[in-house]
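Participant: Quick one, structure for this:
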Amino acid sequence: MRSKDSLLAKILIVDDDIAVQATSRLLLERAGHSVVVAGDGRKALTIFEAENFDLLFLDIFMPGMDGLETMRLIHQLQPLIPIIVISGRPIEPDPATGPDFLTMATRLGAVSGLQKPFKPAALLAAVTDCLDAAKRSSASSVPAGNVAPGP
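Facilitator: Down below sits the predicted model:
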């Protein structure tokens, strides 16, 4: 458990776009989070296996191992970790451009999805919502007779 004096959450950002990595990292670190960055799914899995994270911020479309496959493998390792998926593809499904991948990802286990480009406030709100939901679900999964530790 992290103390009140420590960072809010440890977040792994997985995106092949260096600008998205840098911007997201800066926003999250300014908000008090600890951030680690991976440029693709394979690197993310290696980092994820070596460290403990509270949240993943995951691009769907990356070269090599895409975000959907990365999410599947991450959930095999830690089924309850909250994942926010991001994509530059349009949210509205259009038969000419293909399916709605953000909705597909949430059906496959992502907690939330953001369309690129996203506003800083949207990123921070999604992170806060996911972390709050994870705290509520872990508190409600404590067996009867045990008391969940406070903040």
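Participant: how many neighbours does the residue lying closest to D16 once chain neighbours are set aside have?
Facilitator: Of all residues not flanking D16 in the chain, M62 sits nearest, at 4.4 Å (CB to CB, 6 or more residues apart in numbering). In this view, the C-beta of every residue, glycine as well, is placed from N, C-alpha and C. M62: 21 surrounding residues under other CB atoms under 10 Å.
Participant: I'd assumed K43 was in contact with M62.
Facilitator: No. With contacts counted by CB atoms under 8 Å, M62 stays clear of K43, the gap being 10.0 Å.
Participant: so what sits against both of the two?
Facilitator: Taking CB atoms under 8 Å, 6 or more residues apart in numbering as the criterion, M62 and K43 both touch V14.
Participant: secondary structure element for A19?
Facilitator: Remark: A19 resides in helix 18-30, with elements defined by DSSP states H and E.
Participant: partners of the next helix or strand after that helix in the sheet?
Facilitator: Using DSSP H and E, the helix or strand that follows helix 18-30 towards the C-terminus is strand 34-38. As defined by DSSP bridges, the strand partners of strand 34-38 come to strand 10-14 (parallel).
Participant: tell me the angle of the partner strand relative to helix 18-30?
Facilitator: 170 degrees (axes from the mean of the first three to the mean of the last three CA atoms, to 10 degrees).
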